[in-house]
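Colleague: Got a predicted structure plus its sequence, pasted below:
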Amino acid sequence: MFFRSLILFLLSATSSIAAFTVSERLRCGKYQEIVQDAKQPRDGEWAFARYFLVPDKVTYEAAFKAHQAGDLLGKFIVMRCHRDGAGVKQDMTVFWRMNADLRTALTKMENVPAAGYYLLSYLTQADLEGHVDVSKFANADEASRVAGKFQHEHLFTAAKSGFAQAMTEAGARMQKEKPEEALAWYHKAADLGLAEGMRNMGYLVATGKGLPKKDEEEAVRWMRKAATLGDVDAMMNMVAFFELLQVAGVTETEAVEWINKMEATGHPLGYFEKGVALLRGVHGFRPDKPQGMALLQKAAATGNGFVLGQIAWLYSKGEGLPHSHRKAVEFAKASWSQGNIDVLPVLDAAYRQDTELSAKTAEAAYWKKLAEGAKPKEVAELDANNPEILLALDKIDPFALKVE
């Protein structure tokens with residue numbers, strides 16, 4: 001408890017808030033330029049830009065230093081890193097503290113800038129413990145609906161005010177019901193220089209979902225531009241264009257190059273995807289178990305919740321790694337502790353199929369209930385009745401797991 005209290009003290013030990021200014025490069029989403037600029041200090045802008053390229057420990061450390069100097073962008077990235085388990089152990093106590101601090105700082109501003117509205121779109125009216133006062137609403141659902149409405153309005157205000165990151169996220173909210181309007185938002189973000197906007201353009205145009213027609217040539221053009229700007233998801237999509245969609249103009253040679261470039265970025269997904277490619281001999285790579293294992297270990301060492309979950313899945317299926325319920329559970333629990341709820345099927349299956357694990361009846365029942373889709377009230381009851389399970393999860397170091 002002392003350690004957590006010390007963290008909270010450090011997170012709140014800011015005597016003044018620095019002026020909230022955003023450069024033209026950040027407004028336009030030119031993140032790679034910011035990160036690669038030798039003259040750019042590791043301030044809030046640098047941390048914000050790098051978060052969307054490589055959300056790792058370096059990003060978190062830069063954001064934390066910026067936060068200590070009163071930089072709101074740094075505080076925002078600290079908040080997101082603690083929520084996502086990006087470069088740091090997930091800690092919702094810290095997340096809710098940052099949420100409250102940011103909300104206070106931004107609502108005191110007379111003229112909130114576009115980037116400020118983007119930050120507000122992530123914030124809630126919760127207190128320091130994550131609780132929302134629903135006494136002014138008919139019920140909790142009504143409170144949630146109103147909160148969602150405000151977040152939605154803040155996001156679109158930021159988008160209409162010219163903040164590129166908000167534009168592409170606004171498009172994502174519209175893609176299912178109004179794909180053509182979503183495409184327009186993606187195009188605006190892409191034209192400003194945001195790689196994510198280009199990537200989303202490429203995906204939507206490639207699939208043609210909800211559009212009059214798909215255009216694979218245009219899709220490749222935008223996806224390749226996004227990948228060239230350092231967007232790791234776009235790099236992986238270029239591989240998918242070759243392997244899954246057989247899109248004209250994308251060769252196996254180029255797909256292999258993108259996997260290599262993913263690794264070179266230092267992104268957890270880059271280490272993971274190339275590691276799997278070498279272990280299984282896919283994506284145009286010849287099998288190389290020692291190098292593949294080494295890269296999976298580098299991926300695991302990032303503590304990234306999604307990557308830890310994927311490694312858990314490999315152990316559970318025995319694909320590329322030895323079949324092991326014990327290792328699957330070890331990695332799945334670490335992934336869960338980093339906020340990845342998608343590992344529940346792995347945990348449930350392991351506790352059902354492994355004799356030693358199924359003998360731990362309380363744990364087996366806990367993961368089974370969660371995997372079945374327990375509602376919030378049920379989850380709260382489960383947690384209250386199983387404090388030892390929560391304590392064990394809290395003690396996990398997601399950066400210390402061994403791939404073997």
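Modeller: In hand now; what should we look at? Just so it is clear, the structure is predicted and the values come from calculations on it, not from any experiment.

Colleague: what does stretch 43-62 contact?
Modeller: 22-23, 26, 31-32, 34-35, 40, 42, 63, 66-67, 69, 71-78, 80-81, 84, 86-88, 165, 196, 230-232, 265-268, 302, 304 (C-beta atoms under 8 Å, 6 or more residues apart in numbering). C-betas here are computed from N, CA, C, even on glycine.

Colleague: Just the buried subset of the residues you listed, written out for PyMOL, thanks.
Modeller: Selection command for PyMOL covering only the buried members of these, criterion 16 or more other C-beta atoms under 10 Å:
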select buried, resi 22+26+31+32+34+35+42+63+66+67+71+72+73+74+75+76+77+78+80+81+84+86+87+88+165+196+230+231+232+265+267+268+302+304
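
Colleague: Filter the contacts of stretch 43-62 down to just the ones in helices.
Modeller: Cross-referencing those against helices under DSSP state H gives 26, 31-32, 34-35, 63, 66-67, 72-78, 80-81, 84, 165, 196, 232, 265, 268.

Colleague: So Gly373: helix, strand or coil?
Modeller: Of the three states, Gly373 takes coil according to DSSP: H, G, I helix; E, B strand; the rest coil.

Colleague: tell me the centre residue of the chain?
Modeller: Nearest residue to the geometric centre of the chain (C-alpha atoms, centre = their mean): Asp84, 5.7 Å.

Colleague: doesn't Gly339 make contact with it?
Modeller: Yes - at 6.2 Å, Asp84 counts as touching Gly339 under the criterion of C-beta atoms under 8 Å.

Colleague: what sits in contact with each of those two?
Modeller: The contact lists of Asp84 and Gly339 share 90, 305, where a contact means C-beta under 8 Å, 6+ apart.

Colleague: shaky segments in the stretch 1-150 of the chain?
Modeller: Counting by pLDDT under 70, the stretch 1-150 of the chain has low-confidence residues at 1-19, 126-147.

Colleague: redo that, cut-off 50
Modeller: Along the stretch 1-150 of the chain, segments meeting pLDDT under 50 span 1-10, 12-17.

Colleague: List the buried residues for stretch 283-295?
Modeller: Here stretch 283-295 shows 283-285, 292-293, 295 as buried, counting by 16+ other C-beta under 10 Å.

Colleague: Same list, those, but as a markdown table with distance to Trp222 please.
Modeller: Output for the buried residues of stretch 283-295, formatted as a markdown table (distance: C-beta to C-beta, whole Å):
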| residue | distance to Trp222 |
| --- | --- |
| His283 | 22 |
| Gly284 | 23 |
| Phe285 | 26 |
| Gly292 | 31 |
| Met293 | 35 |
| Leu295 | 29 |
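
Colleague: still on that earlier bit, what's the separation between the residue nearest to the centre of the chain and Pro268?
Modeller: 11 Å (C-beta to C-beta, to the nearest Å).

Colleague: Name the secondary structure element that contains the nearest residue to Val22 once chain neighbours are set aside.
Modeller: Excluding its sequence neighbours, the residue lying closest to Val22 (C-beta to C-beta, 6 or more residues apart in numbering) is Ala115, at 4.4 Å. Counting by DSSP states H and E, the element that carries Ala115 is helix 114-120.
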